[in-house]
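1. Sequence and predicted model, in that order:
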Amino acid sequence: MLVAGLYMNNPEKVKLVADSALSNYEWTVKELGVEYNPDAIGQEGGHSVPRYVFTKNGSGSGIVSKELEKVAKLGVKVETRTYVEHVIRDEKGAVLGLQIRKGYRFPKAGSGRVQFIRAKKGVVLCYGGFSRDVAYRTMQDPKLAANLDSTNQPGATAELWRETSRIGCAQVQNDWIQCTPWNNPKEKGMGIGWTFSQSGAAEYGLWVSTSGKRFVNELANRKVRADAIMVEHTNGFKAVAICTAANLKAFKEARPGMLEKLLEGGMMKQYKSLKDIAADWKIPADQLAKTVDEFNKAVKAKNDPLFGRYINNEQVPLEGDAWYACEMSPKVHHCMGGLVTDMQCRVLDVVDNKPVKGLYAAGESTSGVHGAVRLGSCAILDCLVNGRIAGQSAAKAL
């Protein structure tokens, strides 16, 4: 995490998240009843070895749904269609509560009824990123213009980023915004095409451009890979993820039925030969064959001399009469910067760097954990570790 983050992370925060991985995994299983796929371990970009687990439904909703069941049993009511307009600080700087709009209808500004909520112990902010807010994201990074799609839901906007700035909360690295490398341009938003590009082709197949050549370590961190695809686009090439049926065993185990969904939805195509892929994508056939042959030698040697990619023990040479391919294109995904918090997840004031009384934060709204690049599979862990700490800190407050 430190290497991928270019050492812009808070080392204490990184150590906390890493050291808390097992205990939080066990908490989700024993306390919440989350079910994970026991037969699947994946390797995300930037990781040196396979080390992440899948929920049985292959999504973070497998955790969130169990959290919602738990809070319902505890008698906690989750309010939806509730828009936070202002975080209210008193004359001494302490947070008193929130001004909200009840019954808000996104994205209609001014909709709903204004109400005030007094916080008895504290306010915990977990408002996520701003990848859908084109005006705010281009202010931070002009390259991320409106022509770039986002993986996020439409409400991933910057109102509370602006509000916490207005009330004097310290923020850093807001311009470090991550794009995914592996999304399918045929889909709007996150979609499902990325599952093949990452869990299939990146781990067990190849990424090539329509030049016929590999252009990046398929398991490098997301920024490295997204930037590499953007370079290929600048040079007039498309980026294509390729894999064979023989190398999709782990993908099928981790995401049952997904291969069929991708084919039925037209996000991916099946081919009988590598030559068919070359013809369909207008890739020089001789160059593509050479690229695959060189990679197959790397697979047999368990050593990738071109990019140093980790070769999984279950990887077999790319050959046979069942091939799959799809296009990839970067989309705006995750905001690494945000509110500055201490180890108790208390938000710091921009003037004196001291905790703002009554204000806590966790997740994508905060900085410190990821630095320049967030590694795949680490966001949910960050939210679990620091979300629990923020809640515990608020509960202990006088």
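-> In hand now; what should we look at?

2. The lowest-mean-pLDDT helix or strand in the chain packs against which elements?
-> Least confident element among the helices and strands of the chain, by mean pLDDT, DSSP states H and E: strand 36-42 (a mean of 85). On a contact count with 3 or more CB pairs under 8 Å, 6 or more residues apart in numbering; DSSP states H and E, strand 36-42 meets strand 52-55, helix 249-254. Where C-beta positions appear, they are placed from N, C-alpha and C, glycine not excepted.

3. 10 Å - rerun?
-> When contacts are defined as 3 or more CB pairs under 10 Å, 6 or more residues apart in numbering; DSSP states H and E, strand 36-42 sits against strand 52-55, helix 61-73, helix 249-254.

4. got the buried residues for the following helix or strand past the longest one?
-> The reference is to helix 61-73. Per DSSP states H and E, helix 61-73 leads on to strand 82-89 as the next helix or strand towards the C-terminus. Of all the residues in strand 82-89, those buried under the rule 16 or more other CB atoms under 10 Å are Y83, V84, E85, V87, I88, R89.

5. Which one of those residues is nearest to R105?
-> Using CB to CB, Y83 comes nearest to R105 of the buried residues of strand 82-89, at 9.1 Å.

6. buried residues in stretch 388-395?
-> Buried-residue list, stretch 388-395, by 16+ other CB under 10 Å: R388, I389, A390, G391, S393, A394.

7. ok, now which ones touch Q270?
-> Contacts were defined as CB atoms under 10 Å, 6 or more residues apart in numbering; by that measure Q270 touches A245, L259, L262, L263, D276, A322, W323, Y324, A325.

8. Just list what the top helix by length along the chain packs against, helices and strands only.
-> Ranked by number of residues, the top helix in the chain under DSSP state H is helix 378-396. Contact here means 3+ CB pairs under 10 Å, 6+ apart; on that basis helix 378-396 packs against helix 11-19, helix 21-27, strand 52-55, helix 61-73, strand 123-125, strand 346-348, strand 355-361.

9. I'd like to know which of the ones you listed lies nearest to V369.
-> helix 11-19 (4.9 Å).

10. Using PDB, write out every CA atom in that closest one.
-> Output of helix 11-19 as PDB, limited to C-alpha atoms (Å, rounded to 0.1, in the frame of the first residue of the first chain):
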ATOM      1  CA  PRO A  11       2.100   5.000   7.700                       C
ATOM      2  CA  GLU A  12       0.200   4.600  10.900                       C
ATOM      3  CA  LYS A  13      -3.100   4.400   9.100                       C
ATOM      4  CA  VAL A  14      -1.700   1.900   6.600                       C
ATOM      5  CA  LYS A  15      -0.400  -0.300   9.400                       C
ATOM      6  CA  LEU A  16      -3.700  -0.100  11.300                       C
ATOM      7  CA  VAL A  17      -5.700  -1.200   8.200                       C
ATOM      8  CA  ALA A  18      -3.300  -4.100   7.400                       C
ATOM      9  CA  ASP A  19      -3.100  -5.300  11.000                       C
END
